[in-house]
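Peer 1: Task: produce atomic coordinates for the following.
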Amino acid sequence: MNNIIEKAEIYTLSTDVLSVRVCNIGARVLSFDYAGVDMLYGPKTPEELAADTCYCGAVCGRVANRIAGGCFELDGREYSLAVNNGPNHLHGGNIGFSDIPWAVESATPTQLVLTLTSPDGDEGYPGTVKVRAVYSVEGNSLTLELQATTDAPTLLNLTNHAYWNLNGSGTMDDHLLQVNATAYTPMVANIPTGAILPVQGTLYDLTAPACLGERNAPETIAGGYDDNYVLSATPGVKEVAVLTNGKNTLKLATDAPGLQVYTGDYLPLKRGGVALEAQNYPDSPHNPHFPTIELRPGQEYARTIRWSAE
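Peer 2: Numbers count the residues shown, from 1 in each chain. Below you'll find the predicted structure:
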């Protein structure tokens, strides 16, 4: 990513209580300052961003999360994608939406609109996809609205990959996390088995606040969480997760069907932040009973993610 440093543009969105910095490279959120604390782990400058390999604060696509084997079938045709995570395709491939400059459509003190055109064949995906990301701040909240269209049948699953650390430094092991989900998609080697199981009675039960440092001890879940939670199918934007360190609180609301919880065990600072990725389920193309990620001409992809600090 070193060759894009000179293309980096950073914008500040602010209210009386919240200041957010967003970079056009990967439509990345670099900082989220509330009550004197930057609650985001990750790069703060273009130079640091160029060295990042963990998708910090980025919009990931075309398909966030994993596609098993780096291949899928759509309308009877097989497509091959980059295999960039073991035997699997991850977060859009070798050069996904997270690693390229987005165009700035407009910028005000409270809103930034970024656009991106992904051409037919980009990273192996069919169809030309046009994406729009709208970041806006109001009061104590940052909202991301993602919109997209295509000129041919394709797959699309977008998310923001911010890592949250309400301490502003160190690890987030003291954080309590609650997720409003009664089911999850169990995985083997980071790929869903296809089952949808209740969290009750398992280490994945976050229906009540749980300390991440205790719940994610290596002897209980090897390497920590990197798991998809099944959210309510009720339409509209709703609160799905609450993260707190006892002093500060972050609430996440979305209309996404799933939430990937990743405790950052492979970050340069292990467990320096927790990613709460509002998205569709991993490996959806190989699990037709999962919510579809197919996007067709005439349809409009829409996703909303809202983060509110207290």
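
Peer 1: Let's see the helix or strand of the chain with the lowest mean pLDDT as CSV, backbone CA atoms only.
Peer 2: The helix or strand of the chain with the lowest confidence, counting by mean pLDDT, DSSP states H and E, is helix 212-215 at a mean of 89. C-alpha atoms of helix 212-215 as CSV (Å, rounded to 0.1, in the frame of the first residue of the first chain):
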residue,chain,number,x,y,z
LEU,A,212,-13.6,-10.7,27.0
GLY,A,213,-10.4,-11.4,28.8
GLU,A,214,-12.0,-14.1,30.9
ARG,A,215,-14.3,-15.6,28.3
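
Peer 1: Pull out the buried positions in that helix.
Peer 2: Within helix 212-215, the residues that count as buried by 16 or more other C-beta atoms under 10 Å are 212-213, 215. Backbone N, C-alpha and C define where each C-beta goes, glycine included.

Peer 1: what's downstream of it, the next helix or strand?
Peer 2: Once the chain leaves helix 212-215, the next helix or strand it forms, by DSSP states H and E, is strand 226-230.

Peer 1: So which elements touch that following strand?
Peer 2: strand 183-185, strand 187-188, strand 258-262 (3 or more C-beta pairs under 8 Å, 6 or more residues apart in numbering; DSSP states H and E).

Peer 1: deepest of the ones you listed, which one?
Peer 2: Counting by mean count of other C-beta atoms under 10 Å, strand 258-262 has the highest mean neighbour count of the helices and strands packed on strand 226-230, with a mean of 24.

Peer 1: if we can go back for a sec, so what's the gap between the least confident helix or strand of the chain and the chain middle?
Peer 2: Helix 212-215 sits 21 Å away from the centroid of its parent chain (C-alpha atoms, centre = their mean, to the nearest Å).

Peer 1: who does that helix touch, helix- and strand-wise?
Peer 2: Secondary elements touching helix 212-215 (3+ C-beta pairs under 8 Å, 6+ apart): none.

Peer 1: Does the spatially closest residue to N180 that is not a sequence neighbour belong to a helix, a strand or coil?
Peer 2: Once flanking residues are discounted, N180 sits nearest to V240: 5.1 Å by C-beta to C-beta, 6 or more residues apart in numbering. Here V240 is recorded as strand under DSSP: H, G, I helix; E, B strand; the rest coil.

Peer 1: Next, find the distance separating V240 from T12.
Peer 2: V240 sits at a distance of 27 Å from T12 (criterion: C-beta to C-beta, to the nearest Å).

Peer 1: quick one, which of those two is more surrounded?
Peer 2: A side-by-side neighbour count of V240 and T12, using other C-beta atoms under 10 Å, places V240 first with 23 against 15.

Peer 1: for that one, what are its contacts?
Peer 2: Residues counted as contacts of V240 (C-beta atoms under 8 Å, 6 or more residues apart in numbering) are 179-181, 231-232, 252-254, 256, 259, 278.

Peer 1: What segments of the stretch 1-150 of the chain are strands?
Peer 2: 10-14, 18-23, 28-34, 37-38, 40-41, 59-60, 66-67, 71-74, 77-80, 89-90, 103-107, 111-118, 129-138, 141-150 (DSSP state E, counting those that start in this stretch).

Peer 1: how far is the fourth one from where the chain is centred?
Peer 2: On the basis of C-alpha atoms, centre = their mean, strand 37-38 sits 20 Å off its chain's mean C-alpha point.

Peer 1: What of the third one?
Peer 2: The chain centroid and the centroid of strand 28-34 are separated by 14 Å, computed with C-alpha atoms, centre = their mean.

Peer 1: tell me what that strand is packed against?
Peer 2: strand 18-23, strand 40-41, strand 301-309.

Peer 1: so what strands line up beside the second one?
Peer 2: When sheet partners are counted by DSSP bridges, strand 40-41 sits next to strand 163-164 (antiparallel).

Peer 1: Determine the set of other helices and strands touching the next helix or strand after the partner strand.
Peer 2: Proceeding N to C from strand 163-164, the next assigned helix or strand is strand 176-179, under DSSP H and E. Packed against strand 176-179 by the contact rule (3+ C-beta pairs under 8 Å, 6+ apart) you find strand 210-211, strand 238-244, strand 258-262.
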